[in-house]
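[1] pasting the sequence and the predicted coordinates here, then a few questions.
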Amino acid sequence: MSSVVNGLRRPGATGLSVAGTTVGGVTDDELREMLLPFRTRAVEEGYPWEDIDPLPAEEVDRWIGHVRPCAVLTGGGDGPVAGRFGGPLLLPAQVPDPEHPYLASVDFAALPKDATDLPLPPDGRLLLFASLDETDGDGNCGQAIYIPAGTPVEERDKNTWNGYPGDDYYQKIVDSYPQGELRARTEPDLPYHSLPGFPHADELVTVWCDASDRRGHLQIGGYADQEDSDPDPLERVASCAVRQAKRGRWGGDEPVSGAVEDWVLLAHWNPHISHREGADVQWGIQRADLEARRFDRTFSTVYWNP
């Protein structure tokens, strides 16, 4: 049995009440229920610290209509272990040494059911790599490597990436990348950028960022997020990919779309590490490439405002 509370459907006896609850196989109604604390804050309180008054309920509910599920992976919580920061770098023999520092691995089979709305493989591991030195320009700042289940792997030296020999400062940053197992939970995600038809989009984003309170996490799916998220950070991913493809530096001479609607957020990382506080890393991929398991065509950007 279910009821409707403040325009949002409240499923009965689901055990879901607030964002951050570990769940699997969530429905759209259940995601909306998890957003009730955000809705209450937006409609009844606003955000006094930024002089944001309570927002119109109708607009808040339309904003909530854009909810998407995402898998949030952190070192704490009681969700299933679905990956890890760091650890040994295990790759198939035929895969070249990565061009960027190794960050994390994600076990697709261990993610909660329907944790994202992406066409992800049902199993296998996703390895993510990121360079935090390229915080300006339009170069590709990372990689994603997919290893199907059962593929033989061998351990590699994690320091073979194309770094800066003798650059002790940046090596110290790489050495401070987080380590340890990652536990996954399904959470609702809302846009971090303006949308047409929402006069209070900036205020909605501010309240949502405060309500979600995510820091230092790795996220699969959902919306791209960075300190300056207007426009959609995926627009920068797409435009940078197009420019790099035209220069012959990325994409393998295959078509690359500059239309943001052809791209999805594969992963996001908020580093929360010394000397890169406030940075955000996005791994974007064209939906067609994701459906074809072309993870080699993932493009990554880094935003950092020191």
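    Looks like it came in fine. Numbers count the residues shown, from 1 in each chain.

[2] where's F295 relative to A144, distance?
    Going from F295 to A144 by C-beta to C-beta, to the nearest Å gives 5 Å. For every residue, glycine as well, the C-beta is placed using N, CA and C.

[3] intersection of neighbour lists for the two?
    Residues touching both F295 and A144 comprise L126, L266, I285, with contact defined as C-beta atoms under 8 Å, 6 or more residues apart in numbering.

[4] kindly supply the ChimeraX command isolating those of these that are buried.
    Per 16 or more other C-beta atoms under 10 Å, the buried members of the shared contacts of F295 and A144 correspond to this ChimeraX selection:
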select :126,266,285
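
[5] among the shared contacts of F295 and A144, which lie within strands?
    Within those, residues falling in strands by DSSP state E are L126, L266, I285.

[6] so D138 touches K246, yeah?
    No. D138 is beyond contact range of K246, at 10.9 Å (criterion: C-beta atoms under 8 Å).

[7] which one's more surrounded, those two?
    Set side by side, D138 and K246 show more neighbours around D138, with 18 against 11, by other C-beta atoms under 10 Å.

[8] which helix is the longest one in the protein?
    Counting residues, the longest helix found in the chain (DSSP state H) is helix 233-246.

[9] next one: that one to chain centre, how far?
    17 Å (C-alpha atoms, centre = their mean, to the nearest Å).

[10] what strands line up against the longest strand along the chain, and which way round?
    Ordering each strand of the chain by length in residues (DSSP E) puts strand 180-189 first. Partners of strand 180-189 in the sheet, by DSSP bridges, are strand 68-74 (antiparallel), strand 81-85 (antiparallel).

[11] the ones you listed: which one's closest to D228?
    The minimum distance between D228 and the strands paired with strand 180-189 falls on strand 68-74, with 20.5 Å, by C-beta to C-beta.

[12] neighbouring contacts of the closest one?
    26, 31, 82-83, 104, 106, 111-112, 114-117, 182-190, 214, 216-223.

[13] out of the residues you listed, which end up buried?
    Applying 16+ other C-beta under 10 Å to the contacts of strand 68-74 flags 26, 31, 82-83, 104, 106, 111-112, 115-116, 182-190, 214, 217-223 as buried.

[14] what about the residue nearest the centre of the chain, distance to E203?
    Centroid check for the chain by C-alpha atoms, centre = their mean gives H268 as the closest residue, at 2.7 Å. Distance, H268 to E203, by C-beta to C-beta: 22 Å.

[15] try I52
    Taking C-beta to C-beta, one finds I52 at 5 Å from E203.

[16] which one's more surrounded, these two?
    When I52 and E203 are compared for neighbours, E203 comes out ahead with 21 against 18, by other C-beta under 10 Å.

[17] what strand or helix carries the more buried one?
    helix 201-212 (DSSP states H and E).

[18] as TSV, the ones in strands among the shared contacts of F295 and A144 with pLDDT and distance to W250 would be great.
    Compiled in TSV, these are given as follows (pLDDT from 0 to 100; distance: C-beta to C-beta, whole Å):
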residue	pLDDT	distance to W250
L126	98	19
L266	98	15
I285	98	12
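
[19] picking that back up, the helix holding E203 versus strand 180-189: what angle between them?
    Inter-element angle recorded for helix 201-212 and strand 180-189: 140 degrees (by axes from the mean of the first three to the mean of the last three C-alpha atoms, to 10 degrees).

[20] average pLDDT for helix 201-212?
    Averaging pLDDT along helix 201-212 gives 94.

[21] cool, stretch 142-159 as well?
    96.

[22] how about stretch 177-188?
    Rounded mean pLDDT across stretch 177-188 is 96.

[23] then stretch 217-234?
    91.

[24] repeat that for stretch 38-54.
    What stretch 38-54 shows for mean pLDDT is 94.

[25] list of residues touching that stretch?
    In contact with stretch 38-54 (C-beta under 8 Å, 6+ apart) are residues 6, 8, 19, 55-57, 60-61, 64, 190, 203-204, 206-208, 210-212.
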